[in-house]
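Visitor: Here is the input, now give the coordinates:
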Amino acid sequence: MYAISLGDDGAELRPLEVWHAEEFLAHLDRGREFIGQFIPFGSQATDVASARDTLRRYADMRAADTASYHGIWLDGKLVGGVLTLNFDAGQGNCEVGCWLEPAATGRGLITRAMRVLVDWAIEERGIHRVEWHAASGNLPSINVARRLGMTRDGVLRESHPHQGVRHDIEIWSVLAPEWRAARARGTHKDH
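Guide: Predicted structure coming up:
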């Protein structure tokens, strides 16, 4: 389908589809503990059939125009991804998120992929408000929100129970005019 280059390091953004189930499961298995520190992402994908079900669920949401998955490949290997959730083009709002296995961290892959996704949401789909939700303890995720030029809207105190701990969830956002102004100033950098 498509492959969007994320730079000269062999990183690409591609659709993450049902037929990627085995590769998706292998990727999750490599990073399950790291990825699951603050969110249960991928926790239901424990074998090929359940990985396929997870990808099918997102394919159905993509068809309904309410969510989407996009994988990040580095030198031909799936290492992470970005997604939209709660996508509501009619209201002009969506949430974005990400995940990455540990071996791929520190390269700016999420920031670069997220810039493509946010730009698409705003410019192609007419989204006005893009939200980012992150556990307060997830500093790498919060740092991506900052690099994207998002504003911290507030904190939902102890709103997210995960692994026996109630985490504060920070809500960050960027509005379409802010995104466009940052792009015009040239402040949309890769890292």
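Visitor: Let me know the pLDDT of the closest residue in space to Ala89 that isn't next to it in sequence.
Guide: Nearest residue to Ala89 in three dimensions, chain neighbours excluded: Arg125, at 5.4 Å (Cβ to Cβ, 6 or more residues apart in numbering). Just so you know, the C-beta spots here come from the backbone N, C-alpha and C atoms, and that holds for glycine as well. On the pLDDT scale, Arg125 is placed at 96.
Visitor: Show the contacting residues for the residue nearest to Ile171 when sequence neighbours are not counted.
Guide: Excluding the flanking residues, the one nearest Ile171 by Cβ to Cβ, 6+ apart is Asp153, at 4.5 Å. Residues in contact with Asp153 (Cβ atoms under 8 Å, 6 or more residues apart in numbering) are 131, 171-173.
Visitor: Share the number of residues neighbouring Thr105, please.
Guide: Residues lying near Thr105 (other Cβ atoms under 10 Å) number 15.
Visitor: Revised request: answer the last question for Leu83.
Guide: Quick note: Leu83 (other Cβ under 10 Å) scores 21 neighbours.
Visitor: Validate this expectation: it resides in a strand.
Guide: Yes - when DSSP: H, G, I helix; E, B strand; the rest coil is applied, Leu83 is found to be in a strand.
Visitor: looking at it, it is touching Tyr69, isn't it?
Guide: Yes - with contact defined as Cβ atoms under 8 Å, Leu83 reaches Tyr69; the gap is 5.1 Å.
Visitor: any residues in contact with both of those two?
Guide: Counting by Cβ under 8 Å, 6+ apart, the contacts common to Leu83 and Tyr69 are Tyr58.
Visitor: if we can go back for a sec, and which of the contacts of Asp153 is nearest to Ala64?
Guide: Glu131 (19.2 Å; Cβ to Cβ).
Visitor: what helix or strand is that closest one on?
Guide: Glu131 is part of strand 129-135, with elements assigned from DSSP states H and E.
Visitor: then that strand to PDB, C-alphas only?
Guide: Taking C-alpha atoms only, strand 129-135 is exported to PDB below (Å, rounded to 0.1, in the frame of the first residue of the first chain):
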ATOM      1  CA  ARG A 129      -8.100  19.400  18.100                       C
ATOM      2  CA  VAL A 130      -5.600  16.600  18.500                       C
ATOM      3  CA  GLU A 131      -5.200  15.100  22.000                       C
ATOM      4  CA  TRP A 132      -2.400  13.100  23.600                       C
ATOM      5  CA  HIS A 133      -3.100  11.200  26.800                       C
ATOM      6  CA  ALA A 134      -0.100   9.900  28.900                       C
ATOM      7  CA  ALA A 135       0.500   8.600  32.400                       C
END
